[in-house]
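Enquirer: structure, please.
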Amino acid sequence: MKKTQKAIALLVMMIIAVVFVLGNTVNAQQAKAKPWPVPDKNKSIKAAVNLKDASVISNGKDLWAKNCKSCHGSKGLGDGPKGASLKTFPGDFSGAAFQGMTDGELFYKTSIGRDEMPAYEKKLPDANDRWALVAYMRTFKK
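Expert: Have a look, this model is predicted:
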């Protein structure tokens with residue numbers, strides 16, 4: 001009986017190890033995003049809404065859940081269920097590099113998109129909704 005339990009425990013540990021290795025291999029196959037320059041005129045664009053307003057952030061959270069979470073994850077870590085199938089890692093929005101971007105840069109990238117990142121200017125034509133996403137992305141700071 002004890003041999004059977006040990007064999008089952010060993011089998012379970014091996015399965016967990018294989019799943020862990022395969023999961024890391026999938027992410028290791030994703031390319032790191034290439035630099036994404038933003039035109040100077042867009043870097044300094046100021047928000048049309050108060051990015052610290054609770055209702056704006058709440059709207060951004062709702063929009064994030066519907067439009068962004070599947071790739072970028074619930075906390076902006078790039079770990080959404082669709083994110084792993086992308087050619088390029090969706091990015092960690094909680095880090096200093098992302099959070100160091102201006103609001104205008106985030107608004108531009110969200111609006112224009114590139115490669116696998118859709119252009120939300122078409123999906124969310126109300127600029128205030130895209131600004132709300134920027135406000136919510138600011139909550140991902142580590």
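Enquirer: next, count neighbours for A135.
Expert: Neighbour count of A135, defined by other C-beta atoms under 10 Å: 25. Quick note: C-beta positions are derived from backbone N, CA and C, even for glycine.
Enquirer: residues contacting it?
Expert: 47, 49, 51-53, 56-57, 60 (C-beta atoms under 8 Å, 6 or more residues apart in numbering).
Enquirer: would you mind checking those residues for buried ones?
Expert: 47, 49, 51, 56-57, 60 (16 or more other C-beta atoms under 10 Å).
Enquirer: got TSV for the residues you listed, with pLDDT, secondary structure and distance to D103 too?
Expert: Rendered in TSV, the data for those read as follows (pLDDT from 0 to 100; DSSP: H, G, I helix; E, B strand; the rest coil; distance: C-beta to C-beta, whole Å):
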residue	pLDDT	secondary structure	distance to D103
A47	96	coil	5
V49	97	coil	10
L51	97	coil	6
V56	98	helix	12
I57	98	helix	13
G60	98	helix	12
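Enquirer: walking through this structure, point out its strands one by one.
Expert: In the chain, no strands are found when defined by DSSP state E.
Enquirer: where does it have low pLDDT?
Expert: Within the chain, the ranges that satisfy pLDDT under 70 run 1-28.
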